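>>> sharing a model that was predicted from the sequence below.
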Amino acid sequence: MTKIISKSRFVSGIQCSKKVYFDIHRKDLKPIISEQQELLFATGHKIGELAQSAFPNGKDASPENYYDFSKSIQDTKDWIDAGIDTIYEAAFSSHGVLAALDILHHTENERWAIEVKSSSEVKKYHLTDASLQYWVMNKSGLKPDKFFLMHINTAYIKQGEINPDELFTLADITQQVIENQDWVTENLEKLKTIIAGEKEPVVEIGKHCNAPFSCDYKHHCWKHIPEQSVFSLYSPRGLDWNLYQQGIFKIIDIPENTPLNHRQNLQVNGQKNTASHIDQARINEFLNTWEFPLYFFDFETIFPALPVLDGTRPFQQVPFQYSLHILKQAGGEYIHKEFLAEPIDFNISSVDPRKKLIEQMKLDFGETGSIVAYNATFEISRLKELAIAFPEDQVFIEELISRFVDLLVPFRNGWHYEPEMGGSASIKAVLPAIAPAFSYEDLEISNGGDASNIFLSMINNTFEGDFNATRQHLLKYCERDTYGMVVIWKYLVENTKS
Ligand code: SF4
């Protein structure tokens, strides 16, 4: 049976011919859709509905099931003939290629094709599917006069109900998609041959496995890549592929004369000789600049494409939680403080949960002492945003910012390295290397991405589960993060004593 080429198959095939072959012939290799992906789909769906409301009163040509577009194609044609101005999910088919378009809109004298994207700008790969859609519409005799990408406008600031006319930007990409038409024709021919083939195409792994998307089939094609491979090299800048093409897969096989920077040298030497490195003097000097009490601090944030709080932008990082471990003096007891917003506060315009967070910080932070974060730029950026949103708290926030120190520095600068850290200085790589007993494994929520998604689902009323128990899980996760910083700091102090 002839296989239809859809937009998603075309995009897959442009990334890699083996990928599109697997999409069709090796469904057994396709990973199960993760919760993270489900959430992205749900957000995409919501964004699609909002985009439609910017072109209201359209007729919806969505198919009843995604294996049969015949009615959608016929409806689209009939409704265009009947002079319907706006059609959602308009479907077109020609030469064995199928394309559904988010919005087809007729102005007084132009036919507009509009494809909606949940991103903040036009990306190169968006032109791939738009060019295919234009090709199919053209071959169907329904060529659009203009082709637009409707993407999120990150300058938009929510006030009250989201205004779709302001939330989105229409980018005119007509010229680019027209210029791509011969390229589409050539690639469709190639794809048809690949799809009809009995054997999977021979394609080596390469940079295309990660761009524009991390491929779903890496678990299959990358099986021969060992752990601690050249691809885990710190900031490789092409060196990884260079070595791979010379047949060097493992870090321990990297030749002695390979030019490496300081961090890479530590990593290669660490792997080859199980060698640690610690620059006691530099770390000591660095830690001696810190002042007691020490405040080990961490924010958790949401960054929704559709802003939920008035005064925030799409994709803005909005803190909803923090954990704080306070150590008044060396050898003293730790005090733990925390804040977790109420999801309902994100939906009641008279209460801003960020204001409550600031008020709690005023109670929890003393007037002196260093504030320790891991990758402090993140916390400082959030605080700067809070100072803009709440000018009355600017002095307090700026005073806090002036006290920040960054626990990442000794690891990012390679002052301390353990082979178990691999090529990463992230807290999730450093902690197990220096404190193997420390773990997140007993926690229900064990990473920031999950914490963020769960809290956002509570705000959006899509959360399913035990609300109160999950709030406790969120608190425990954030607490573990700042406790992890305490563990790292103690380790550095103890291992740099002269
Ligand atoms: S992992 Fe790489 S080679 Fe394999 S199908 Fe995906 S893109 Fe192609």
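Alright, I've got the coordinates.
>>> could you dump stretch 239-256 to PDB, C-alpha only?
C-alpha atoms of stretch 239-256 as PDB (Å, rounded to 0.1, in the frame of the first residue of the first chain):
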ATOM      1  CA  LEU A 239      36.100  17.700  19.200                       C
ATOM      2  CA  ASP A 240      33.600  14.900  20.100                       C
ATOM      3  CA  TRP A 241      32.600  14.300  16.400                       C
ATOM      4  CA  ASN A 242      36.200  14.700  15.300                       C
ATOM      5  CA  LEU A 243      37.400  11.900  17.600                       C
ATOM      6  CA  TYR A 244      34.400   9.700  16.800                       C
ATOM      7  CA  GLN A 245      35.200  10.000  13.100                       C
ATOM      8  CA  GLN A 246      38.700   8.800  13.900                       C
ATOM      9  CA  GLY A 247      37.200   5.700  15.500                       C
ATOM     10  CA  ILE A 248      37.800   7.000  19.100                       C
ATOM     11  CA  PHE A 249      34.600   6.400  21.200                       C
ATOM     12  CA  LYS A 250      35.900   6.300  24.800                       C
ATOM     13  CA  ILE A 251      37.400   9.100  26.700                       C
ATOM     14  CA  ILE A 252      40.200   6.800  27.900                       C
ATOM     15  CA  ASP A 253      41.200   6.300  24.300                       C
ATOM     16  CA  ILE A 254      41.700  10.000  23.500                       C
ATOM     17  CA  PRO A 255      45.400  10.300  22.300                       C
ATOM     18  CA  GLU A 256      47.800  12.100  24.500                       C
END
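>>> can you name the next helix or strand after the worst-scoring helix or strand of the chain on mean pLDDT?
Lowest on mean pLDDT, DSSP states H and E among the helices and strands of the chain sits helix 35-53, with a mean of 88. Under the assignment DSSP states H and E, the closest C-terminal helix or strand after helix 35-53 is strand 59-60.
>>> go ahead and flag the most central residue of this structure.
The chain has residue 449 as the residue nearest its centroid, 8.8 Å off, counting by CA atoms, centre = their mean.
>>> assumed it was part of a strand.
No - counting by DSSP: H, G, I helix; E, B strand; the rest coil, residue 449 is not part of a strand but helix.
>>> name the residues of the stretch 1-150 of the chain found near the ligand, please.
Proximity of the stretch 1-150 of the chain to the ligand, by CB under 6 Å from any ligand atom, involves residues 15-16, 18-19, 22. C-beta here means a position set from N, CA and C on the backbone, and glycine is covered the same way.
>>> can you pull the contacts of the residue nearest to the centre of the chain?
residue 36 (CB atoms under 8 Å, 6 or more residues apart in numbering).
>>> mind listing what the residue of the stretch 1-150 of the chain found nearest the ligand touches?
Relative to the ligand, the nearest point of the stretch 1-150 of the chain is residue 16 (3.3 Å; CB to the nearest ligand atom). Each residue near residue 16 by CB under 8 Å, 6+ apart is listed here: 203, 208-209, 215.
>>> helix, strand, or coil at the residue of the stretch 351-498 of the chain found nearest the ligand?
Using CB to the nearest ligand atom, residue 423 is the residue of the stretch 351-498 of the chain that sits closest to the ligand, at 20.5 Å. The three-state assignment at residue 423 reads coil, by three-state DSSP.
>>> again with residue 295
Going by three-state DSSP: residue 295 is strand.
>>> how many residues are close by residue 370?
Residue 370 has 16 neighbouring residues, counting by other CB atoms under 10 Å.
>>> again with the one 4 residues further on
Counted by other CB under 10 Å, the residues lying close to residue 374 total 25.
>>> and what of residue 209?
Around residue 209 there are 19 residues (other CB under 10 Å).
>>> what does residue 264 give?
When neighbours are defined as other CB under 10 Å, residue 264 has 21 of them.
>>> sec struct for residue 129, please.
Per three-state DSSP, residue 129 ends up helix.
>>> which residues does it contact?
7, 10-11, 115.
>>> among those, which ones are in helices?
Among the contacts of residue 129, the residues falling in helices (DSSP state H) are 7, 10-11.
>>> now tabulate the residues of the stretch 1-150 of the chain next to the ligand in TSV and tack on secondary structure.
Formatted as TSV, those follow (three-state DSSP):
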residue	secondary structure
15	helix
16	coil
18	helix
19	helix
22	helix
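>>> in PyMOL, select just the buried ones from the residues you listed.
Burial among these is assessed by 16 or more other CB atoms under 10 Å; the matching PyMOL selection reads:
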select buried, resi 15+16+18+19+22
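>>> which of the residues of the stretch 1-150 of the chain next to the ligand lies closest to residue 150?
Nearest to residue 150 among these: residue 15, at 23.3 Å, using CB to CB.
>>> is it true that that closest one touches residue 206?
No - in this structure, residue 15 is not within contact of residue 206 by CB atoms under 8 Å, at 10.7 Å.
>>> coming back round to it: reformat the contacts of residue 129 as a markdown table; add pLDDT.
Formatted as a markdown table, those follow (pLDDT from 0 to 100):
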| residue | pLDDT |
| --- | --- |
| 7 | 93 |
| 10 | 96 |
| 11 | 96 |
| 115 | 97 |
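>>> what sits up against stretch 283-296?
324-330, 365-366, 368-373, 403, 405, 409-410, 415-416, 482-483, 485-486, 489, 492-493, 496, 498.
>>> same check on stretch 301-316?
Defining contact as CB under 8 Å, 6+ apart, one finds that stretch 301-316 is touched by 43, 46-47, 50, 118, 120, 152-160, 162, 167, 317-320, 346-347, 349, 352-354, 382, 385, 389, 452, 455-456, 459-460.
>>> which stretches in the protein count as strands?
Using DSSP state E, the strands of the chain run over residues 59-60, 86-94, 97-106, 111-116, 146-152, 168-172, 277-278, 294-302, 318-327, 334-340, 371-373, 404-406, 416-417.
>>> so where's this structure shaky on pLDDT?
1-2, 349, 498 (pLDDT under 70).
>>> how does it divide into domains?
Following automatic domain parsing, one finds the domains of the chain at 7-196, 224-267, 281-495.
>>> the last one: how far from the chain's middle?
In this case it means domain 281-495. Relative to its chain's centre, domain 281-495 lies at 19 Å (CA atoms, centre = their mean, to the nearest Å).
>>> next, the distance between the ends of it.
11 Å (CA to CA, to the nearest Å).
>>> longest helix of this protein?
helix 467-495.
>>> report the buried residues of that one.
470-471, 473-489, 491-492.
>>> can you tell me how far the closest residue to the ligand within the stretch 251-400 of the chain sits from residue 272?
Nearest residue of the stretch 251-400 of the chain to the ligand (CB to the nearest ligand atom) works out as residue 251 at 21.3 Å. Going from residue 251 to residue 272 by CB to CB, to the nearest Å gives 8 Å.
>>> between these two, which has more neighbouring residues?
Taking neighbours as other CB under 10 Å, residue 251 and residue 272 compare with residue 251 leading, 25 against 15.
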